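Asker: quick one, what's the 3D model for this:
(one chain, ligands or ions: 2)
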Amino acid sequence: EMAEERGFVPFDAGNDYAPGSRVYYNEKNKALILAVIGRQGVKNGLHLIAAHIDSPRVDLKTTPLYEEAEMAYFKTHYYGSIRRYQWVTTPLAMHGRISLKSGTHLDFALGEKEGEPQFVITDLLPHLAKGLNPGPIDTVITGEMLNILIGSYPTAAGAETDPVKQKVLEILEKEYGIEEEDFLSAEICFVPACKASDIGFDRSMIGAYGQDDKICAYPAVAALTRLEVPENTTIVLLADKEEVGNGSVSGMDSAYIDYFMEDLCVMDKVNLRDVLRKSQALSADVSSGYDPAYRDCFDIHNVNRMNHGAIIQKYNGYNGKADTNDAGAEYLAEIRRILDSAGVLWQSGETGRIDLGGGRTLARCIANRNIDVVDIGVPVLSMHSTFETTSKLDIYMLYKALSAFMNTEIHVLY
Ligand code: MN
Ligand code: MN
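Answerer: Ligands and ions are numbered 1, 2, ... in the order given. Coordinates of the predicted model:
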């Protein structure tokens with residue numbers, strides 16, 4: 001909707017587009033490609049900025065509903081890496097879609113508006129927790145314990161078994177026209193039901209769920225929609241399924257991305273492979289912010305600090321850079337030149353101390369297509385939690401950096 005308001009129209013591969021044309025491609029309502037056609041088209045390479053729009057969350061299993069101790073619950077399977085203990089006793093909202101065999105779809109965003117019901121995963125009272133569950137905090141709550149409480153009142157219909165579950169089913173039938181079996185064709189997730197807010201007396205920070213990676217996706221879209229006529233065709237790709245390894249039809253490993261770029265090449269009568277080789281990309285994704293409460297988890301000489309600007313991260317990965325995109329010297333020099341000439345405040349750190357863990361981004365999926373790419377982002381405190389914290393200055397610097405990148409003409413590096 002935001003793109004359409006700013007003049008983007010659905011991409012039609014058969015059309016000829018003049019420089020400055022704004023197009024989009026919607027990948028099954030889960031991922032989105034936005035593009036502004038450049039003066040040179042794609043023949044000298046294209047600019048690609050990719051960010052992901054999925055976030056760690058709690059998904060429903062396909063047979064979710066059950067009753068125990070006269071209470072009704074949903075079974076879940078968490079999505080992405082979470083610290084499970086953070087998700088208990090957090091008010092949850094229900095989002096997603098249930099598709100019916102009739103071909104109709106029911107979309108949910110329940111628990112976000114004032115007065116709507118919310119949901120919760122319960123926890124043990126401290127009075128009984130003493131001495132129980134010794135050991136690492138991440139082992140206390142297991143995946144199978146993330147069951148969401150959804151009802152406690154029995155049906156009046158006098159069901160023989162599971163009267164509370166029956167009552168929930170009656171409500172689902174009455175209010176949404178769905179029956180238990182319909183959860184077999186559903187994509188329902190539960191997320192923290194809290195609004196974004198300013199953090200601190202100085203209001204310098206933002207607290208919200210899901211900032212990884214919407215805090216990069218939004219500035220990328222904002223920069224692209226303000227772009228006039230770039231030299232090189234510029235693409236912003238909002239990817240799905242990054243938090244689970246970029247698979248599935250809407251993930252970054254899917255061929256829809258290649259086909260879109262190929263259509264642009266056909267339009268300009270050039271080969272895709274020649275265009276990709278000359279293309280330049282930024283993988284816009286968050287990284288860890290240095291947190292002094294956990295100083296032992298960082299190498300103090302290579303941290304990303306709050307309010308020190310956008311992060312350029314040459315590589316990430318784990319166990320000696322495994323599974324990473326390690327950006328080349330020549331390309332990093334080009335990025336330094338672009339950011340410094342635009343007056344962007346930026347820094348270059350690592351996620352954390354070697355061999356503690358690590359992470360991956362979209363960068364590897366881009367590099368696999370023979371496009372030069374490096375990670376850019378902002379530092380986040382409590383990343384992947386139910387309430388992440390970022391700095392407004394860093395996000396603005398990311399916007400400036402992405403905008404400068406889009407406005408720089410690609411020239412030959414090798
Ligand atoms: Mn993430
Ligand atoms: Mn991310």
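Asker: so where do the helices sit in the stretch 301-414 of the chain?
Answerer: For the stretch 301-414 of the chain, the helices defined by DSSP state H, counting those that start in this stretch cover 329-341, 363-367, 392-406.
Asker: show me which positions of the first one end up buried.
Answerer: Of all the residues in helix 329-341, those buried under the rule 16 or more other CB atoms under 10 Å are Tyr331, Glu334, Ile335, Ile338, Leu339. Where you see a C-beta, it was placed from the backbone N, CA and C, and this is true even at glycine.
Asker: and the nearest residue to the first one once chain neighbours are set aside, bridged to which residues?
Answerer: The spatially closest residue to Tyr331, leaving aside those adjacent along the chain, is Asp372, at 4.4 Å (CB to CB, 6 or more residues apart in numbering). Note on Asp372: beta-bridge partners by DSSP bridges are Gln280.
Asker: now do the same for Asp372: its pLDDT.
Answerer: Model confidence at Asp372, given as pLDDT, is 98.
Asker: separation between it and Ile395?
Answerer: 25 Å (CB to CB, to the nearest Å).
Asker: so how far is ligand 2 from Ile53?
Answerer: 10 Å (CB to the ion, to the nearest Å).
Asker: now that residue: closest residue in space that isn't a chain neighbour?
Answerer: Ile53's closest residue in space is Leu238 (CB to CB, 6+ apart), at 4.8 Å.
Asker: ok, now Ala327?
Answerer: Using CB to CB, 6+ apart, the nearest residue to Ala327 is Val374, at 3.8 Å.
Asker: tell me who's in contact with the one you found.
Answerer: Counting by CB atoms under 8 Å, 6 or more residues apart in numbering, Val374 touches Leu282, Ser283, Ile312, Gln313, Lys314, Asn325, Ala327, Tyr331, Leu332, Ile335, Ala363.
Asker: using CSV, lay out the residues you listed together with pLDDT and distance to Pro126.
Answerer: Formatted as CSV, the contacts of Val374 follow (pLDDT from 0 to 100; distance: CB to CB, whole Å):
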residue, pLDDT, distance to Pro126
Leu282, 98, 46
Ser283, 98, 43
Ile312, 98, 44
Gln313, 97, 40
Lys314, 97, 45
Asn325, 96, 45
Ala327, 97, 48
Tyr331, 98, 52
Leu332, 98, 50
Ile335, 98, 50
Ala363, 97, 43
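Asker: give the PyMOL command for selecting the buried subset of these.
Answerer: Buried residues among the contacts of Val374 (16+ other CB under 10 Å), as a PyMOL selection:
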select buried, resi 282+283+312+313+314+325+327+331+335+363
